[in-house]
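Enquirer: Fold the following, please.
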Amino acid sequence: MKIKKIVYLILIISYNLILAQELEQTTSKTLQTALMQPITVTVGGNFVITGSFTALRTQRLDHFITTLYSKAQEISLGNINKPEVIRQIKKELQKYPLRDITLKRADGTQLKIDLLKFRLTGDFKYNPYLMNDDVIIFPSYDEKKNIIDISGAVNHPTQFQFVEGDRLSDAILFAGGINKAYDNVTEAEISRLKDNGNLEEIIKVKITDDIPLQRGDRIRILFTENNKVAFKVLVLGEVNRPGYIYITKNNTTIKEVIEKAGGFTQDADLKRAEILKGTDEAQLMKIKAIRDAYEQDTTFTTLPLVLKTVDELKSEELKMMRAANVTYEEFQYSFAYDNALRFIENKSAVDFTKIFSDAYKDGSFIVNDGDVIIIPKKQNLVYVFGQVVNPGFYIYDSTKTWKDYIKEAGGITEQAKNGKKTQIIKGLSRTWFNADEVKQIEPGDFIYVPKSLPRDLSYYVQQIGSVSGILTAVVSVTFLIIQALK
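Expert: Model prediction:
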């Protein structure tokens, strides 16, 4: 009898379990069906696209808005293929507010949505699920005046949309938090302008006070400068370990840098070595190009050159000319060329051949963060050009004269001037010499054979006319002087 009761009890429990499972499955299916039923959500206000759209109950507001934005962007770009136009359209489409969004429910409930806080904190209270007949209203705001600006000891200095009720902690949150590279960050300085913009109120507060903010506040999180940064210089060319060399702030010498780079190789041309420093815009552009090229390919050998435009060079020339105390001819034909080279190259006066000599001060030259040091390879070549049959590079030979190199280049052409007019341009200084004045050709030198310019009858007539004019003037002046002395 007891066994029958136990069996009966087991059957009842099993039946109830089966019934519960079927009920749960039915309820789950019903719920899933309900959740998958489309709902209608309306978007209005300052958004890239407005109107009523289909959504799902399983969608949160941010997901729904992001989907709409992506579709609007896709439609706006269409068949546009110009990168600049695409960037401009994307920039304009992104100008919609992420804060102070109003979500109106069908039952009359209103919620304030802050998608910027959601994206920074992941707190879903700022990003609720959607419901049927929800209305999302994006506010309009002044992008220049209805903002807060924050900088200083934060991870990401930024500007953000101000919302009534914002506090100092909100600004720090939107700026990525306090930068941990700075120690003992406890204070903030708030700058507030009066309505006319001419008067400023400075408020210093403790960060822990978390004071309320006002529209237009400019916040600086105060800090003591931290110089524990990656000071470094880039060494390229003929050193044993080229690349970035870490240095200290304003305290590392060129000698120490070269030692850290493993010293010079046997092929280093120290006479042509140089240091590039960011002393002006042209140098900064050149340094940036070199660093960018190195970071993209650490094996690169061609050093990129970034030259100033003609207008910028002319502007620099005019600045120099403005208060010059030399004649225009002296400026134009002498100083102007030297000044243009200074503006483009702007080299530091360090003799790399003397860096490791205690008898000179070159080794104690202080390098700074961002400097680029270039050690070129020796050029065991001589360049022959101008009026020769085969201009180009020829292997240097200490026993050869300039005439030997011209002969190796196939000799002079019919248009060449008399051989006595041949010029030697020294590779290091670029100084010009008559060929007969140079006793020894050196690696890197240039041998230039100028062209004999053709002279027609009109040229000689013009020259005779010029000389005649001068003689006439001289005779006239002489005659006047004689008459005055009588």
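
Enquirer: Kindly list the main-chain dihedrals of Pro38?
Expert: Note on Pro38: backbone dihedrals following degrees, to the nearest 10 are phi -70, psi 150.

Enquirer: And for Thr353?
Expert: Dihedral angles of Thr353 (phi, psi; degrees, to the nearest 10) stand at phi -70, psi -10.

Enquirer: Leaving out sequence neighbours, find the closest residue to it.
Expert: If the residues on either side of it in the chain are set aside, Thr353 comes closest to Leu270, at 4.6 Å by Cβ to Cβ, 6 or more residues apart in numbering. All C-beta atoms are positioned from the backbone trio N, CA, C, and that covers glycine.

Enquirer: In terms of pLDDT, where does that neighbour sit?
Expert: Here the pLDDT value assigned to Leu270 is 88.

Enquirer: Just to check, it is in contact with Phe352?
Expert: Yes. The pair formed by Leu270 and Phe352 meets the contact definition of Cβ atoms under 8 Å, at 4.0 Å.

Enquirer: out of the two, which sits in the more crowded spot?
Expert: Applying other Cβ atoms under 10 Å to Leu270 and Phe352 shows that Phe352 carries more neighbours, namely 22 against 15.

Enquirer: That one touches Asp362, doesn't it?
Expert: Yes. If you go by Cβ under 8 Å, Phe352 and Asp362 touch, sitting 7.4 Å apart.

Enquirer: rewinding a little: okay, and the common contacts of Leu270 and Phe352?
Expert: When contacts are counted by Cβ atoms under 8 Å, 6 or more residues apart in numbering, the set common to Leu270 and Phe352 consists of 264, 375.

Enquirer: Spit out the contact partners of Asp217.
Expert: For Asp217, the set of contacting residues under the criterion of Cβ under 8 Å, 6+ apart consists of 148-149, 162, 171, 190-192.

Enquirer: can you tell me which of these are in strands?
Expert: Within the contacts of Asp217, residues falling in strands by DSSP state E are 148-149, 190-192.

Enquirer: Would you mind checking the residues you listed for buried ones?
Expert: Neighbour counting over these (16 or more other Cβ atoms under 10 Å) leaves 148-149, 190 as the buried ones.

Enquirer: so Ala293 sits in a helix?
Expert: Yes. With DSSP: H, G, I helix; E, B strand; the rest coil as the criterion, Ala293 is part of a helix.

Enquirer: ok, it to Ile406 distance?
Expert: Taking Cβ to Cβ, to the nearest Å as the criterion, Ala293 is separated from Ile406 by 37 Å.

Enquirer: Looking at those two, which is more packed in?
Expert: Ile406 (23 against 15).

Enquirer: Buried residues in the host helix or strand of that one, which are they?
Expert: Counting by DSSP states H and E, the element that carries Ile406 is helix 402-408. Of the residues in helix 402-408, those buried by neighbour count under the rule 16+ other Cβ under 10 Å are 402, 405-406, 408.

Enquirer: which secondary structure elements does that helix contact?
Expert: strand 381-386, strand 446-449 (3 or more Cβ pairs under 8 Å, 6 or more residues apart in numbering; DSSP states H and E).

Enquirer: export these to CSV and tack on mean pLDDT and mean neighbour count?
Expert: CSV is the format used below for the helices and strands packed on helix 402-408 (pLDDT from 0 to 100; neighbours: other Cβ atoms under 10 Å):
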stretch, mean pLDDT, mean neighbour count
strand 381-386, 89, 19
strand 446-449, 89, 21
